[in-house]
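Dropping a prediction and its sequence here:
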Amino acid sequence: MTSQIPPLPLVPGRGLSGRTALVTGSTSGIGLGVARALAAAGANVVLNGFGDAAEITHLCATLEAETGVTVGFSGADMRKPEEIAAMIAEADARIAPIDILVNNAGIQYVSPIESFPLDKWDEIIAINLTAVFHATRAVVGRMKERRWGRIINTGSAHALVASPFKSAYVAAKHGVMGLTKVVALETAEFGVTCNSICPGYVWTPLVEKQIADQCKVHGKSRDEVIRDILLAPQPTRRFVTVEEVGAIAVFLASDGAQSITGTSISVDGGWIAR
């Protein structure tokens, strides 16, 4: 009679206890939602991003009190490879080696390609794509040595389909999807997975600002902009929430997802089903 192997937990609960996660671009929006979810699942978390120093200190203390995990912060500029490397080295020294890397930092700019500012192209590619390479390069060797690791990239519906006037963003996110597949193949035999979460429009402060801008540009009301512009591609006609994205990140970091690698999970209300 063969011995029975206990099934892996598909809902991890506090199943990430003892793990350490770094989430780039996590002082607000999707990144903060993912960081909160990982901390609630038991992982120590290193936040990264810009913002008021006192507010960030309060955020770290609050998250620690809510979850009982260790929460650190790095203000590393994701445009600068040396700061990315220093952030990861400091996290390794002060907390523990990074087990879960969430490459989330990103910016957006909208313009026809013939008038797209060159500096905006360079900045978007640097933060949205090149930083993913540098952060992954810095952690993946030790993950392979320990034979366990999770790399989760924040893609976008625009990693899979295109929209006009977003040349840099679409190019960067398509690049992230390609890089995801390469890293997954290189780490497949080492207990390391690499996947992308591809949200549609998520309700964040950044989107809130876009609504106000779109109202001015199109002469539409807030409700019209939300209905006719932002949510038009999403058949559900609702925004994705940061909590939904966070829950998927926790699953991808769990043992239940150890055979999921090199793929994208769309969280877009049916956008790419069209």
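That came through, no problem. Everything numeric in this text was worked out from a predicted model, so none of it was measured. Numbering: from 1, shown residues only.

Identify each buried residue in stretch 249-263, please.
Using 16 or more other C-beta atoms under 10 Å as the test for burial, stretch 249-263 gives 249-254, 256-257, 261-262. Using the backbone N, CA and C atoms, a C-beta is placed for each residue, glycine as well.

residue ranges for the strands of the protein, please.
For the chain, applying DSSP state E gives strands covering 20-23, 44-48, 71-74, 100-103, 149-154, 192-199, 264-267.

Retrieve the pLDDT associated with residue 7.
Per-residue pLDDT puts residue 7 at 42.

cool, residue 156 as well?
For residue 156, the model assigns a pLDDT of 96.

surely it meets residue 198?
Yes. Under the criterion of C-beta atoms under 8 Å, residue 156 makes contact with residue 198 at 5.6 Å.

Out of the two, name the residue with the larger neighbour count.
When neighbours are counted by other C-beta atoms under 10 Å, residue 156 and residue 198 differ, and residue 156 comes out ahead with 31 against 26.

What sits closest to that one if chain neighbours are left out?
Of all residues not flanking residue 156 in the chain, residue 173 sits nearest, at 4.6 Å (C-beta to C-beta, 6 or more residues apart in numbering).

list the contacts for the one you found?
128-129, 155-156, 158-159 (C-beta atoms under 8 Å, 6 or more residues apart in numbering).

most neighbours, which of these?
Going by other C-beta under 10 Å, residue 156 tops those with 31 neighbours.

can you pull the contacts of that one?
Counted by C-beta under 8 Å, 6+ apart, residue 156 has contacts 169, 173, 198-200.

returning to that earlier point: state the pair within the buried residues of stretch 249-263 that is farthest apart.
Pairwise distances across the buried residues of stretch 249-263 (C-beta to C-beta) peak at 19.4 Å, for the pair 250 and 262.

Find me the pLDDT at residue 25, would you?
Residue 25 is assigned 98 on the pLDDT scale.

Thought residue 128 was touching it, still the case?
No. With contact defined as C-beta under 8 Å, residue 25 and residue 128 do not form a contacting pair (9.7 Å).

Now the least confident helix or strand in the chain by mean pLDDT: buried residues?
Least confident helix or strand of the chain, by mean pLDDT, DSSP states H and E, is helix 205-218 with a mean of 78. Neighbour-count burial for helix 205-218 flags 210, 214-215 (criterion: 16+ other C-beta under 10 Å).

same question, stretch 171-183
Buried, per 16+ other C-beta under 10 Å, within stretch 171-183: 171-177, 179-181, 183.

any idea of the mean pLDDT in that stretch?
Per-residue scores along stretch 171-183 average to 98.

Let's see it as PDB, backbone CA atoms only.
Written as PDB, here are the backbone C-alpha positions of stretch 171-183 (Å, rounded to 0.1, in the frame of the first residue of the first chain):
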ATOM      1  CA  ALA A 171       5.700  48.100 -24.800                       C
ATOM      2  CA  ALA A 172       7.000  47.800 -21.200                       C
ATOM      3  CA  LYS A 173       4.200  45.500 -20.100                       C
ATOM      4  CA  HIS A 174       4.600  43.200 -23.100                       C
ATOM      5  CA  GLY A 175       8.300  43.100 -22.200                       C
ATOM      6  CA  VAL A 176       7.400  42.200 -18.600                       C
ATOM      7  CA  MET A 177       5.400  39.200 -19.900                       C
ATOM      8  CA  GLY A 178       8.300  38.100 -22.000                       C
ATOM      9  CA  LEU A 179      10.700  38.400 -19.200                       C
ATOM     10  CA  THR A 180       8.300  36.500 -16.900                       C
ATOM     11  CA  LYS A 181       8.400  33.500 -19.300                       C
ATOM     12  CA  VAL A 182      12.200  33.600 -19.600                       C
ATOM     13  CA  VAL A 183      12.700  33.600 -15.800                       C
END
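
Report the residue spans of this structure with pLDDT below the cut-off.
Residues of the chain meeting the criterion pLDDT under 70: 1-13.

Domain-wise, how is it divided?
Domain ranges of the chain: 20-200+241-265, 201-239, per automatic domain parsing.
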